[in-house]
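In: Here is the input, now give the coordinates:
(chains A and B)
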Amino acid sequence: MIIICFIVAEIFLGSDLMRKIIFITLVSAVSFITSIADASDLLVQVQFKNYEGEKSYSALYLVNPNGRYEKTLWVSGDEAEWQEEGLVRWWKYQSRKPQAIDGITGASVGGGDRYLVHSALDPRLINQGYKLRVETSVEHLESYTMDAEVELTTENIGKKVDGTGWVRYIRFKW
Amino acid sequence: MKVTARKLHLYLGITATLILSALAVSGFILSTKVITENIDISSQAVGDGNLLQLLKHIEGKFEEVEFIQQTPAKAFIVQHRQRGAVHKSYIDIHTGEIISEVGTSPFYNWVQDFHRSLLMEKPGKVIVALTALILLILSISGLILYRSKQGGWRQLFRSISFEPSLANLHSIIGFISLIPLVVISLSGLYLSLITFGVVPSSSAQRITYPESPVELDAVLPSTLDNFKDIRLDEFREIIYPIPEDWFDVYAVKSHQNIQFFDQFTGEQLSKQNYQPAVRWSLFVLDLHSGEIHPALAVLFGISSLTIPFFGVTGLILWLRKRNNLNLKAFSNDNADVVILVGSETNTTWQFSHSLGKALVGAGHSVYIAAMNELKDFPNAKYLFAMSATYGDGDAPQNANNFLSTAMTLSNQNTWQYSVIGFGDSSFDKFCHFPNQIMNTLSNRFSAFLPFCAIDKQCPISFEKWGSTVSEVLGKELKFDDVSIKRSRCKFKVEEKTYFNQKKKSVVRLHLKSSTKTQFNSGDLLAIKPNKGSHERYYSIAKNDNGQLELYVSIKRPGLGSDYLNSLKKNQTLHARVINNQHFHEPKGDMPLILIGAGTGVAPFIGMIKQNHSKRVIDLYFGCQHLNCDFVIGDEIKHWKQQRLLTQCHVAFSKGQRKQYVQDSLQAQETTFIKRIQSGAVIMICGSQAMYESVSSVLDEMLTRHGLGNIETLSQQNRFHSEVY
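Out: Here you go, the predicted structure:
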């Protein structure tokens, strides 16, 4: 949208000053509105329990209404061998539906810590039966293929949903 | 090149020794895990077995299996859930029974974390990677230094001396553990590179799990016939499908590939071969941890422990060099005696200190410094140049400017010089650099003593040279003892025998050490006749009863011989044994030509008595008279009968025919040459005069037959002498 505005502005480049000012104001307004629209990023917070041990590896991903893997939103823990060894279920899903995860991989997370994920997810997915799921693993301790899960519904927005393993709770909002 | 390798080795060693030692010790602890996995668990007899048989054996024994793995050491691990909680157990593959749980000791996990990252996560991993690289560089620079010390790549395995000095231990143990340490550092470095993503990890290859096409009734894996084609000796892991995902499959990994099987029908759905990079990563991890074989784990574990040893010894050696003895008393460069030292080790400095102190005791002022400190010494009357040779005939590091400086000295220098070279005669370039010093100095200056070479720091040679110095300077010099410091031991006189009871010219003592002191025939016994005097040295023999044999000539008065003669049976004697390696019986089966006169035959007696391998030994013995000092007379026949001695030729200097040892040798020329051609080694022990006569005769015979001369034999390590 912004590109179209600029192209249009180019056409009007030759015109007088007044028109330029009006047009620039229009362009700015449109850009502002569209950027507000991008602020409908999904925000997910995953809070971990306090535990003694290594930092955890975890994968946050989207599950579709058929209960099948859709896409990965975030991975914490960047060494591939530990991802494969600890996050077994997610690893297999990933292999069937490859996705470039370098941009959505962060450091592993310790006890009591949390991470916040911004995801450009279409807000129209809400109330469609999509779920967010977290799989976790701590070396030498336990792995949970379904540590925490929350359905993307309006009533769940902002609600803390308890985890069953290393995760204390998960919550999301748009 | 040498300077860089040495500096590199030194500075890297100093900076990294703490972290390196910590990683080495943690590595050692981790290696013990592999070893303590006892034989029940590992080395399962896999034979021709297949996966289906294994699955049948474990059927019904586990609630929810997640995977089954085989370790390189052939242990089998099942990860399974019991009431929701995860367990990892070792199993017996024939019965399917659990042998024990895979231990996860928190201590071990902590050590592992420490070893990988020094408990500091990413920055720690970077430090560990750098340290692995440093270990690699230290190993290689250490090898370069060792090559220099030995005198060349071809001499790497030659003449390995086991002298128990710190410097020697550091380099010998370094050389022995070179290969394991290089493998450990390289593999460790590789693993670090995997961590940083520089090199692909074992998970780097894009493996695609397929999906089961149709959901059918669940079946037990032991009913899937296709698993019988999976041989256990190739099998690495089977990963069970996720219970909640009906479409998931069995994944079976070998070293070469991964195969996927439908969980309902057992049909093989797909297969992917592992890329070499992936196989490499797996191999390197198994290698570094020693998992490949318990013997490797032991080897790596022990090699790791040498690292802190190197750190400590390296540090001590470095500090010692820096301290360089207390030479403060010798720091006035206006002194009338200058002693310059070229040395890579501490020992040559000790000799210089001993000389300096003796000269000071005789009223001189002395300046001691490294040879590179050569400059104009207008006040000096005498200049001593004491130097070793390094590696391939080069100057030691602190003497590398000496020769060029020597050419530029001014006419103010009116001193006379004496050059003394230290080294090992088994090396090609024995005293090469000191000879160069002689040549350079002789152009402009004059010598007041002839060149002297000290072989393997032989204290007798130094003592002899010391008395020459005394003579020339016209003053009595008292030298401190310089030799590998060994404490004095207690000996008991078990036997005391005189040859010829009437004349009592030679006494033989049999001593027994009360502290089980080690010694060999050819070593020296250092005795202090009384508190004030300095040590006297005697060549000793070891006999079959483990006794130390000592022969003393008591014709001439002397503090040492008087003292020894005064000892009675069962009396105690305090003395030091000096390891005189260059005069030990040579190893091997080549013939020996032993030439001795008078009490100098002592070490040979020991060698003959202990000639269990019955090698060919020809003894040439010179003494004065049959009745006087023919100490071996009674034993020759016995030795020959027992084949401990092949030939014996005796020369009596005061007998009817007035023969000397060299005369015997000349008479036996044919035999002598025959022995030399068979690779014989010559050993001479006796007085300077005797040595000179004998060596000229030997030289002459050898040259005439085109066999070189004594120097050639010496270079081949086939000529040894102990001269008083």
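In: quick one, what contacts whatever residue of chain B ends up closest to chain A?
Out: In chain B, no residue comes nearer to chain A than residue B:203, which is 4.0 Å away by Cβ to the nearest Cβ. To be clear about C-beta, it is placed using only N, CA and C from the backbone, and glycine gets the same treatment. The contact partners of residue B:203, taken as Cβ atoms under 8 Å, 6 or more residues apart in numbering or on different chains, are A:80-81, A:83-84, B:278.
In: what about 10 Å?
Out: By Cβ atoms under 10 Å, 6 or more residues apart in numbering or on different chains, the residues touching residue B:203 are A:79-85, A:91, B:194, B:278, B:281.
In: Go ahead and flag the most central residue of chain B.
Out: residue B:172 (2.7 Å; Cα atoms, centre = their mean).
In: helix, strand or coil for the residue of chain B closest to chain A?
Out: coil (DSSP: H, G, I helix; E, B strand; the rest coil).
In: roughly how far apart are residue B:55 and residue B:67?
Out: Per Cβ to Cβ, to the nearest Å, residue B:55 is found 12 Å from residue B:67.
In: near chain A at all, whichever helix in chain B runs longest?
Out: Longest helix in chain B, counting residues (DSSP state H): helix B:2-36. No - counting by Cβ under 10 Å from any Cβ of the partner chain, chain A has no neighbours in helix B:2-36; the shortest distance is 13.4 Å.
In: From the chain's centroid, how far away is that helix?
Out: 19 Å (Cα atoms, centre = their mean, to the nearest Å).
In: go on, stretch A:155-166?
Out: With Cα atoms, centre = their mean, you get 16 Å for stretch A:155-166.
In: now do stretch B:401-409
Out: With Cα atoms, centre = their mean, you get 36 Å for stretch B:401-409.
In: Quick one: residues in contact with that stretch.
Out: Residues contacting stretch B:401-409 (Cβ under 10 Å, 6+ apart): B:340, B:342, B:370-377, B:385, B:387, B:395-396, B:399, B:413, B:415, B:417, B:433, B:436-437, B:439-441, B:443-445.
In: buried ones in it?
Out: Across stretch B:401-409, burial judged by 16 or more other Cβ atoms under 10 Å in any protein chain shown covers B:402-403, B:405-406, B:409.
In: beta partners of residue B:512?
Out: Applying DSSP bridges to residue B:512 yields these beta-bridge partners: residue B:492.
In: who in chain A is up against chain B?
Out: A:52-55, A:67-69, A:78-85, A:88-98, A:102, A:107-108, A:110, A:139-146, A:164.
In: just checking, what packs against the lowest-mean-pLDDT helix or strand in chain B?
Out: In chain B, no helix or strand scores lower on mean pLDDT, DSSP states H and E than helix B:626-629, which sits at a mean of 75. Here helix B:626-629 touches strand B:489-499, strand B:647-652, going by 3 or more Cβ pairs under 10 Å, 6 or more residues apart in numbering or on different chains; DSSP states H and E.
In: which residues in the stretch 551-700 of chain B form helices?
Out: All helices of the stretch 551-700 of chain B, identified by DSSP state H, counting those that start in this stretch, fall at B:559-566, B:602-609, B:626-629, B:636-641, B:661-667, B:669-677, B:688-704.
In: circling back to that earlier point, closest to residue B:314 out of the contacts of residue B:203?
Out: residue B:194 (30.5 Å; Cβ to Cβ).
In: so what's that closest one scoring on pLDDT?
Out: If you check residue B:194, the pLDDT there is 90.
In: Next: the one 3 residues further on.
Out: Each residue has a pLDDT score; the one for residue B:197 is 83.
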